[in-house]
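Undergrad: Here's a sequence, model it:
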Amino acid sequence: KRKVSHIGPLLEVLSHVNLEKDGLTLFDYGCGFGYSMSLARELGIKAFGVDIDEERLSVCRHLGLNVAGPMEFDKEFPEVKADIILLQSNIEHIIDLSGTMDYLKGKSKKGTVLYVNGLTPRIISIEKKRGQFVKAHFIEHINYFPVKTLDFFMGKYGYFPLRAVWHLSSGKI
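TA: Numbers count the residues shown, from 1 in each chain. The predicted structure is shown next:
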């Protein structure tokens, strides 16, 4: 079930990518157990990932995926420039948002499609009404973006919204 849940976001991103182009590259920032990378690889897309959890990286390596920790990634894969970047279910955990976005922009080609999802402030009010916080773990989650705020934030780095994904503009930032 977990692996299948990653098909939807990947298909959404692929609907905005030129599939005629040879050698598509995906960069999964916070790749976890490599579900999206495995799916991309099956579709003929070169996939790379970074994660902070060594156990998850070990699972990915066992699957033959191109992964590394944040401090080692650029040494192991120095030339990676992505057509697709996934930032799934981790923007709410990131401490240095500006540094992360600068890093991702450096991994982007002109026209890169960036898929971002995460918790919104709405989840707090929903769980507050239920009297139980399940998804809104306040110690683990430090960023909650309303969609318009996320659009504005991504715009500062040259991305503009394409429905549920952001696309790096080809013009000036």
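Undergrad: Model confidence at the residue lying farthest from the centre of the chain, what's the number?
TA: Taking C-alpha atoms, centre = their mean, the residue of the chain most remote from its mean C-alpha position is Gly131, at 30.5 Å. Note on Gly131: pLDDT of 80.
Undergrad: That one and Ile91: what is the separation?
TA: 27 Å (C-beta to C-beta, to the nearest Å). The C-beta positions use only the backbone N, C-alpha and C, and glycine is treated the same way.
Undergrad: for Glu54, same thing?
TA: Separation of Glu54 from Ile91 (C-beta to C-beta): 22 Å.
Undergrad: so what's Glu54 up against?
TA: By C-beta atoms under 8 Å, 6 or more residues apart in numbering, the contact list for Glu54 reads Gly69.
Undergrad: Could you give the backbone dihedrals for it?
TA: Torsion angles at Glu54 (phi, psi; degrees, to the nearest 10) stand at phi -60, psi -30.
Undergrad: next one: Glu20
TA: Dihedral angles for Glu20 - degrees, to the nearest 10 - are phi -80, psi -20.
Undergrad: Tell me the confidence at the residue positioned nearest the centre of the chain?
TA: The residue lying closest to the centre of the chain (C-alpha atoms, centre = their mean) is Leu87, at 1.4 Å. As predicted, Leu87 sits at a pLDDT of 90.
Undergrad: Perfect, I'm done here.
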